[in-house]
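> Test case, fold it:
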Amino acid sequence: MRKLRRLMTSTFLIAAATSATHIVHAQNYDAEARAMFNEAVAAHNARRELDAKAILAKLVESYPYHYRGHGLYWDVVGQTEDATARRAVVARSLKQFEQAPLEKRSEDFYTFAVRGYEILGDKDRAEVLKSEAIAKFPRGYEAQNARLAAANEEKDPIKSAALFQAFIDEFSDNVSRAQIAALNKFRLTARHEDVFDAKAILAASEQMERFAWRFNEMFGDSLGYTNALIEIAKALQEKAPSNSLSFAQKGLAFVQKKSPESNEFGAQTRLVFLPVMLRAHCALKAWPEARKAGEELMREIDSGPLQTPLLMKLGEASARRDYAIALEQTGVIEAAREQLAWAAALDEKLKSELEAFHARHALKGEARSRFEASLKAKMAEANLRREAWIKRELLGAEQRRPASDFKLRDLGGKPVALVDFRGKVLVLDFWATWCGPCIGEMEEVQAAYEKYKNHPKVAFASISIDEDKSLVAPYVNEKGYRFQILLSDGAVESSYQTPPIPRLYIIDAAGNIRFRHDGYYKDGYYLKKLDWMIEAAMK
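Here you go, the predicted structure:
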């Protein structure tokens, strides 16, 4: 018996030691895979796509179970090669995925397997795996996706709102997903004012604000919380002006508190709340308060130095119109006339309101002519002041650093390198067929190209960063672009820090980057800005 006990004890110890060894090996295995994946993510985030691809290729070969590694590898291959190459690596990955037994299939397995089959266009297999994932993980990622999709696709607004609320009730612990549901429910109620009363819209607003705040507390998204308050305040302007004002004041206080300690906010971020507060005060007939908000807002607008995105957010025409109403109600008639006429010059839809104002406060003959001439002069002066500020800010950001070399191919397969443009000022633009703002920007670039196409010292080239390069040529032909289009090799983006797009560089004749321009806004200055940058780069 003692021998048997000793034998059993020895066997147990050996088994325990073997098990411990396996655990250590598994931990090392996981740690090595995790380290490789983190290294690849760092390279990808730094736009070093070729480095990321090499690391990921080794990762998925050595650790085929690392499904996130496969997913990132697909993306990087698509960026550095083309859609055909991407489909090929996806197909190879899925072949490995399918060998995983049912009991070993994790949530990551389903997330990336579904995505892979969707890339290949195999919707049937993707749906089978979605159903399998939902059955195995009823509170998992795919189950949550299905619930949110059902809520979004429901045509009846009341039923849709109920589905969003059910999701929030069940998954409130998942703040990021619950926030999405709360946002969608809020937008649904605000969009269907004929179905939901002010009380329902307010309840959805308060719920959205709570989740935006929780998300901010967990992940430090101050700007996201601010944007949520702006959206809520705007949505409540007509049906619940007092609540709109409360949310706007809350947002303004938050921005003023956070601005000194956060780089998320510019010095003028607080201004976005003033038009909402102005409108709310007008709706509440709080005329002195409305006039005060309007005065502060117009002082900032008229001084000139506002970035175009902020100026567009402020809605200058409607803000001047609301300020005019406050001025009229407080008896400042001529100032009100000027603000409303200025608003009508910016937005033709306000001309009928201007005529009605003139009918209430007649101004005839020479007096009206003098008024119109004075207004025209003031607007021209304001535009010149703004244009001078834009030019000063733009040229003040001039730099002089070597542009990274590249060797790409154009739509005809011809190799094109940066050195080919030496001796000319190069307008180099990054864009994609799926990029909305790029459409307007490329139209402006085309107009500039037509102006400079015969200039011996100016050249244009635009680099498409589309993963599916087969989409580019048909798109270019449809849009009628005549300047040179190049196809990214997946590495050029890292050298030129893109995305975001559109992003445009002005490179001088010696191969130095002189200017970088980000984004596109239809503000009437884009072509002038190109002229100013090209002219400066020639010096």
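
> for Ala335, what are its contacts?
Leu327 (C-beta atoms under 8 Å, 6 or more residues apart in numbering). C-beta: built from backbone N, CA, C; applies to glycine.

> just the helices in the stretch 351-500 of the chain please.
Assigned by DSSP state H, counting those that start in this stretch, the helices in the stretch 351-500 of the chain fall at 351-360, 365-396, 436-452, 472-479, 492-495.

> my bad, should have said the stretch 151-300 of the chain
With DSSP H, counting those that start in this stretch, the ranges of helices along the stretch 151-300 of the chain come out as 157-170, 175-191, 198-219, 222-235, 241-258, 274-283, 287-303.

> Quick one, which of these gets closest to Lys95.
With C-beta to C-beta as the measure, helix 175-191 is the member of those nearest Lys95 (31.3 Å).

> helices or strands next to that closest one in the packing?
helix 141-153, helix 157-170, helix 198-219, helix 222-235 (3 or more C-beta pairs under 8 Å, 6 or more residues apart in numbering; DSSP states H and E).

> Reformat these as a markdown table; add distance to Lys130.
As requested, the helices and strands packed on helix 175-191 are exported to a markdown table (distance: least, C-beta to C-beta, whole Å):
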| stretch | distance to Lys130 |
| --- | --- |
| helix 141-153 | 5 |
| helix 157-170 | 17 |
| helix 198-219 | 26 |
| helix 222-235 | 29 |
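
> Take these and write them to CSV, including mean pLDDT and distance to Leu408.
Below are the helices and strands packed on helix 175-191 laid out as CSV (pLDDT from 0 to 100; distance: least, C-beta to C-beta, whole Å):
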stretch, mean pLDDT, distance to Leu408
helix 141-153, 94, 37
helix 157-170, 97, 46
helix 198-219, 94, 37
helix 222-235, 93, 35
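
> Between these, which one is closest to Arg503.
Nearest of the helices and strands packed on helix 175-191 (C-beta to C-beta): helix 222-235, 20.6 Å.

> tilt between the closest one and helix 241-258?
Per axes from the mean of the first three to the mean of the last three C-alpha atoms, to 10 degrees, the angle that helix 222-235 makes with helix 241-258 is 160 degrees.

> Off-centre distance for helix 222-235?
Averaging C-alpha positions (C-alpha atoms, centre = their mean, to the nearest Å) puts helix 222-235 15 Å from its chain's average.

> just checking, what packs against it?
Secondary elements touching helix 222-235 (3+ C-beta pairs under 8 Å, 6+ apart): helix 175-191, helix 198-219, helix 241-258, helix 274-283.

> which other residues reach the first one?
Applying C-beta under 8 Å, 6+ apart, the set of residues contacting helix 175-191 from outside is 144, 148, 151-152, 157, 160-161, 164-165, 167-168, 171-172, 196, 200-201, 204-205, 207-208, 210-212, 214-215, 218-219, 228, 231-232, 235.

> mind putting the helices and strands packed on helix 175-191 in CSV, mean neighbour count and distance to Asn454 included?
As requested, the helices and strands packed on helix 175-191 are exported to CSV (neighbours: other C-beta atoms under 10 Å; distance: least, C-beta to C-beta, whole Å):
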stretch, mean neighbour count, distance to Asn454
helix 141-153, 17, 52
helix 157-170, 18, 57
helix 198-219, 18, 53
helix 222-235, 22, 45
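
> looking at those helices, which is closest to Gly413?
Here helix 141-153 is closest among the helices and strands packed on helix 175-191 (C-beta to C-beta), at 40.3 Å.

> Identify the residues contacting the closest one?
Residues outside helix 141-153 that contact it (C-beta under 8 Å, 6+ apart): 107, 110-111, 114, 130, 133-134, 137, 160, 163-164, 166-167, 171, 174, 177, 180-181, 184.

> Next one: the spatially closest residue to Gln207 that is not a sequence neighbour from Leu245, what distance?
Leaving aside its sequence neighbours, Gln207 sits nearest to Ala182 (C-beta to C-beta, 6 or more residues apart in numbering; 5.1 Å). Plainly put, Ala182 is 22 Å away from Leu245 if you go by C-beta to C-beta, to the nearest Å.

> ok so, going back, so among the contacts of helix 141-153, which ones count as buried?
The neighbour-count test (16 or more other C-beta atoms under 10 Å) marks 110-111, 114, 130, 133-134, 137, 160, 163-164, 167, 171, 174, 177, 180-181, 184 as buried among those.

> pLDDT weak spots in the stretch 301-450 of the chain?
Applying pLDDT under 70 to the stretch 301-450 of the chain flags residues 304.

> Recalculate using a threshold of 80.
304-308 (pLDDT under 80).

> ok, the closest residue to Lys457 other than its chain neighbours - how many residues close by?
In this structure, Lys457 finds its nearest non-sequential neighbour in Lys424, 5.4 Å apart by C-beta to C-beta, 6+ apart. By the measure other C-beta atoms under 10 Å, the count of residues near Lys424 is 18.

> ok, Asn477 to Asp122 distance?
Distance from Asn477 to Asp122, by C-beta to C-beta: 31 Å.

> more crowded one of those two?
Asp122 (15 against 10).

> for the more buried one, what are its contacts?
No residues are in contact with Asp122 under the rule C-beta under 8 Å, 6+ apart.

> For it, give me phi and psi.
Per-residue torsions, Asp122: phi -90, psi 80 (degrees, to the nearest 10).

> what about it, distance to His281?
Distance from Asp122 to His281, by C-beta to C-beta: 57 Å.

> Same question for Ala336.
15 Å.

> okay, these two: which has more neighbours?
Ranked by neighbour count (other C-beta under 10 Å), Ala336 and His281 place His281 first, with 24 against 21.

> wait, the more buried one sits on Glu296?
No - His281 is not in contact with Glu296 according to C-beta atoms under 8 Å; the separation is 12.0 Å.

> For stretch 62-79, buried residues please.
In stretch 62-79, counting by 16+ other C-beta under 10 Å, buried: 63-79.

> Using PDB, write out the CA atom coordinates for stretch 161-171.
What follows is stretch 161-171, C-alpha atoms only, in PDB (Å, rounded to 0.1, in the frame of the first residue of the first chain):
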ATOM      1  CA  ALA A 161     -36.200  53.800 -29.400                       C
ATOM      2  CA  ALA A 162     -37.400  50.900 -27.300                       C
ATOM      3  CA  LEU A 163     -34.800  48.600 -28.800                       C
ATOM      4  CA  PHE A 164     -32.000  51.100 -28.100                       C
ATOM      5  CA  GLN A 165     -33.300  51.500 -24.500                       C
ATOM      6  CA  ALA A 166     -33.400  47.700 -24.000                       C
ATOM      7  CA  PHE A 167     -29.800  47.600 -25.200                       C
ATOM      8  CA  ILE A 168     -28.800  50.400 -22.800                       C
ATOM      9  CA  ASP A 169     -30.500  48.600 -19.900                       C
ATOM     10  CA  GLU A 170     -28.800  45.300 -20.500                       C
ATOM     11  CA  PHE A 171     -25.300  46.600 -21.500                       C
END
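
> Provide the contact partners of that stretch at residue level.
Contacting residues not belonging to stretch 161-171 are listed as 139, 144, 147-148, 150-151, 154, 177-178, 181-182, 184-185, 188-189, 196, 200, 204, 207, 211 [C-beta under 8 Å, 6+ apart].

> mind checking the SS state of Glu39?
helix (DSSP: H, G, I helix; E, B strand; the rest coil).
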